[in-house]
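Chemist: I'll drop the sequence and a predicted model, then ask my questions.
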Number of protein chains: 2
Amino acid sequence: MVSKSQTKLITSLQQKKYREQTGFFVAEGPKVIAELLNEGLTLQSLFSTDVSQITNENHFRVTENELKKISFLKTANTAVAIFEIPKRKPVQNSGLIVALDAVRDPGNLGTIIRLCDWFGVQQLLCSEDTADCFNPKVVQATMGSLARVQVNYLSLTEYFDQTELPIFGGFMDGKNVYSEKLPKNAIVIMGNEANGISDAILQKITHKITIPRFGKSQKTESLNVATATAILLSEFRRAIEK
Amino acid sequence: MVSKSQTKLITSLQQKKYREQTGFFVAEGPKVIAELLNEGLTLQSLFSTDVSQITNENHFRVTENELKKISFLKTANTAVAIFEIPKRKPVQNSGLIVALDAVRDPGNLGTIIRLCDWFGVQQLLCSEDTADCFNPKVVQATMGSLARVQVNYLSLTEYFDQTELPIFGGFMDGKNVYSEKLPKNAIVIMGNEANGISDAILQKITHKITIPRFGKSQKTESLNVATATAILLSEFRRAIEK
């Protein structure tokens, strides 16, 4: 069964404020939970309707109705788990790093975390006003990727001031990314869904690049932030491979 | 004002069945409506709270409450329009063509239509069980792109049987897309979000390609269909440009 205080804790973890206060986040479904355990994350407690999953003292068997009450999903799965938010390591100034400036949509953040994992980008830097990576929607969408990509929230301008890495940003009037020489160690900055890269960050960019548009119409909306990230990461990685 | 029969028509157009019966679809908001008009689509009627938009006899001024009733959006904009679904032209067997096999999510379809427009892909072929491109969510997400990319619904297997174009599909064990020679005239087939490319289509594929994974973990979920489309279209286009 689920105690009142456990129910209260789980429900509160929908909100970023309480995730920060307690240091916990919620993951749902045996597949997501197994992936996070596999990646070495610490389980605080598990609530499952499936008796075969109850193998430890911090595992609790619950009824379907109890699970429904603590689940964030429209259709509750068989298990809900509370995990500790992993300690964030300091940023390493090497490798390919993605930075997000006020990306607000959890769906976009989730897609970008999966892309980072696919392309072996181990560090994702987010401005403080970017969506929270422990938001339940992001957790469910990214699964194990969330544990493999280190996400740091910080002041991007302060970080950019002290790094020596080249900083690449996408612009309509940048240099053609297909013909640019792309380095192994670099930062790729992606902007907000509606407003693009903010003025303060704009000044720190050392390399303006563009994904060429092939359509005849000049009216095509810009690519969305997740598809643009996909194309840019692919370009940086193919440059290494060649 | 909006007559009862107009309200009934608009409401019915949320459903594919009625869009097919009537040959109409709904677009909302002055920006989307203006883009579709610009692209030459035929307006059947316009309902707006803004008197300055009422410039023709098939334009009707409505109150905010009336607009709320006919709008599909959570927050109604200032205008709702009924457009004629444009006549579909026969498929041309040339250029770069994207084909979708049972892509179900309107958000993914919308993103892929925008990608086609960006990369100058004028033909998108969809299996009959792919999401409908005149679904209100797709219309709002794609805006003018929807009018610039020709979307045909058909039996992909039948089409593949009669085309001489090479058919490229993404697979985990395909050839590295970064080192393949990619032709100017080709079909790129993308599969369903959960199940990938169906068996019947699989047999028609002439070129198996893969987007290399750089992350160390073999557990990374595959790329989602929209980000994989972004990367593949970028690869086909950069091959032309080089």
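Modeler: That came through fine. Numbering: from 1, shown residues only, chains lettered A, B, ... in the order given.
Chemist: From now on I want contacts and neighbour counts done on CA atoms only, so please keep to that.
Modeler: OK.
Chemist: Buried residues, stretch A:156-170. List them.
Modeler: A:156, A:160, A:165, A:166, A:167, A:168, A:169, A:170 (16 or more other C-alpha atoms under 10 Å in any protein chain shown).
Chemist: Could you report the separation of the residue lying closest to the third one once chain neighbours are set aside from chain B?
Modeler: Same thing as residue A:165. Excluding its sequence neighbours, the residue lying closest to residue A:165 (C-alpha to C-alpha, 6 or more residues apart in numbering or on different chains) is residue A:186, at 5.4 Å. Residue A:186 sits 16 Å away from chain B, going by C-alpha to the nearest C-alpha, to the nearest Å.
Chemist: show me what contacts the residue nearest the centre of chain A?
Modeler: By C-alpha atoms, centre = their mean, chain A has its centre lying nearest to residue A:113, at 4.1 Å. When contacts are counted by C-alpha atoms under 8 Å, 6 or more residues apart in numbering or on different chains, residue A:113 touches A:124, A:142, A:145, A:146, A:149.
Chemist: And for residue A:166?
Modeler: A:185, A:186, A:187, A:205, A:206, A:207.
Chemist: Do you know the pLDDT at it?
Modeler: Looking at residue A:166, its pLDDT is 97.
Chemist: returning to what we had before: out of the buried residues of stretch A:156-170, flag the one nearest to residue B:84.
Modeler: residue A:170 (36.9 Å; C-alpha to C-alpha).
Chemist: quick one on the thing from earlier: doesn't the residue nearest to the centre of chain A lie inside a helix?
Modeler: Yes - applying DSSP: H, G, I helix; E, B strand; the rest coil, one finds residue A:113 inside a helix.
Chemist: Please identify which pair of the contacts of residue A:166 lies farthest apart.
Modeler: The distance between the two most remote of the contacts of residue A:166 (C-alpha to C-alpha) is 14.8 Å, for A:185 and A:205.
Chemist: in stretch A:193-206, what's buried?
Modeler: Those would be A:193, A:196, A:197, A:201, A:204, A:205, for stretch A:193-206 by 16+ other C-alpha under 10 Å.
Chemist: From one end of that stretch to the other, what's the distance?
Modeler: Using C-alpha to C-alpha, to the nearest Å, the end-to-end distance of stretch A:193-206 comes to 22 Å.
Chemist: what about that stretch, average pLDDT?
Modeler: pLDDT averaged over stretch A:193-206 gives 93.
Chemist: neighbour-wise, which of the contacts of residue A:113 leads?
Modeler: Within the contacts of residue A:113, residue A:145 tops the neighbour count with 26 neighbours, counted by other C-alpha atoms under 10 Å in any protein chain shown.
Chemist: How about the residues of chain A by chain B?
Modeler: A:111, A:114-115, A:117-121, A:144-145, A:178, A:213-216, A:219-224, A:226-228, A:230-231, A:234, A:237-238 (C-alpha under 8 Å from any C-alpha of the partner chain).
Chemist: Now do the contacts for residue A:240.
Modeler: Contacts of residue A:240 (C-alpha under 8 Å, 6+ apart): A:183, A:184.
Chemist: next one: residue A:29
Modeler: Neighbour list for residue A:29: A:77, A:78, A:79, A:80 [criterion: C-alpha under 8 Å, 6+ apart].
Chemist: who's the third one bridged to?
Modeler: Listed beta-bridge partners, residue A:79: residue A:48 (assigned using DSSP bridges).
Chemist: Go through stretch A:120-135 and flag the buried ones.
Modeler: A:120-128, A:130-135.
Chemist: Farthest pair within those?
Modeler: Farthest pair in those, by C-alpha to C-alpha: A:120 and A:128, 23.5 Å.
Chemist: helices or strands up against the top strand by length along chain A?
Modeler: The residue-count maximum for a strand in chain A (DSSP state E) belongs to strand A:167-176. When contacts are defined as 3 or more C-alpha pairs under 8 Å, 6 or more residues apart in numbering or on different chains; DSSP states H and E, strand A:167-176 sits against strand A:186-190, strand A:207-210.
Chemist: Using PDB, write out every CA atom in it.
Modeler: Output of strand A:167-176 as PDB, limited to C-alpha atoms (Å, rounded to 0.1, in the frame of the first residue of the first chain):
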ATOM      1  CA  ILE A 167      30.600  28.600 -29.800                       C
ATOM      2  CA  PHE A 168      28.400  27.700 -32.900                       C
ATOM      3  CA  GLY A 169      24.900  29.100 -33.300                       C
ATOM      4  CA  GLY A 170      22.400  28.700 -36.100                       C
ATOM      5  CA  PHE A 171      21.300  31.800 -38.000                       C
ATOM      6  CA  MET A 172      19.500  32.600 -41.300                       C
ATOM      7  CA  ASP A 173      22.600  34.500 -42.500                       C
ATOM      8  CA  GLY A 174      25.300  32.200 -41.100                       C
ATOM      9  CA  LYS A 175      27.900  30.200 -43.100                       C
ATOM     10  CA  ASN A 176      26.700  27.100 -44.900                       C
END
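Chemist: now the helices: where do they sit in chain A?
Modeler: Applying DSSP state H to chain A gives helices spanning A:4-12, A:16-22, A:30-38, A:64-70, A:106-118, A:136-142, A:145-148, A:156-162, A:199-202, A:225-241.
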